[in-house]
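J.: Dropping a prediction and its sequence here:
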Amino acid sequence: MADIHTGMRIETLSTGAGGGVEFTMARVINGKTDISYGLHGNQRSHSLSGGVDRDDLLQWLGFRNVGCTITRDRETFCLPVDEEFDLDGFAGAFAQAQGLVSTADQLLQRCGFFLESREFPAKQWARTRGPRTDRRDASQCA
């Protein structure tokens, strides 16, 4: 994987927001032919709801949570992209997807199914402490 955080020169190409995440696309230059592009996303709020959140969707899409030198934020999710990456289109699609995933998670929880939430341990704790049944009840799915 190309280094999307350190180089001789780093340029912010564009920024955009969607689904509660501020995205920055940057170019990292290490030489004439050694150029990398990265997408860096910062969440501006977090939830303890016990449901799937933006951080889960980012990870499902391949983003990794790293200390980021581009945004200078410890909680930045980053992903290598190519030069033609459409940040505005992605930000809009991410916002829509985040809303749909959140709705799907809530509907499935009513039926006793839980989507995997990997990032925030407190969400896992909230899931195991909430109302539970030993069997899935399809009558609650409406």
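T.: Thanks, I have the structure now.

J.: Quick check: the residue nearest to Gly31 when sequence neighbours are not counted vs Gly38, distance?
T.: Counting by CB to CB, 6 or more residues apart in numbering, the nearest residue to Gly31 once its immediate chain neighbours are dropped is Met8, at 7.3 Å. In short, each C-beta sits where N, CA and C put it, glycine included. Plainly put, Met8 is 15 Å away from Gly38 if you go by CB to CB, to the nearest Å.

J.: Kindly report the same for Ile4.
T.: Separation of Ile4 from Gly38 (CB to CB) stands at 3 Å.

J.: intersection of neighbour lists for these two?
T.: Counting by CB atoms under 8 Å, 6 or more residues apart in numbering, the common neighbours of Ile4 and Gly38 are 26, 28, 70, 78, 80.

J.: Name the nearest of those residues relative to Thr103.
T.: Checking the shared contacts of Ile4 and Gly38 against Thr103 by CB to CB gives Cys78 as the nearest, at 26.9 Å.

J.: residue contacts, that closest one?
T.: Shown here is Cys78, whose contacts under the criterion CB under 8 Å, 6+ apart are 4-5, 38-41, 63-64, 66, 68, 70.

J.: give me the number of residues near Phe23?
T.: Taking other CB atoms under 10 Å as the neighbour definition, Phe23 ends up with a count of 22.

J.: Likewise for Arg74?
T.: If we define neighbours as other CB under 10 Å, then Arg74 has 10 of them.

J.: so it sits right up against Gly67, yeah?
T.: Yes. Assessed by CB atoms under 8 Å, Arg74 is found in contact with Gly67 at 5.1 Å.

J.: And the helices in this structure?
T.: For the chain, helices defined by DSSP state H occupy the ranges 54-60, 87-110, 121-129.

J.: out of these, nearest to Gly16?
T.: Sorting those by CB to CB, the top spot, which is the nearest, belongs to helix 87-110 at 4.0 Å.
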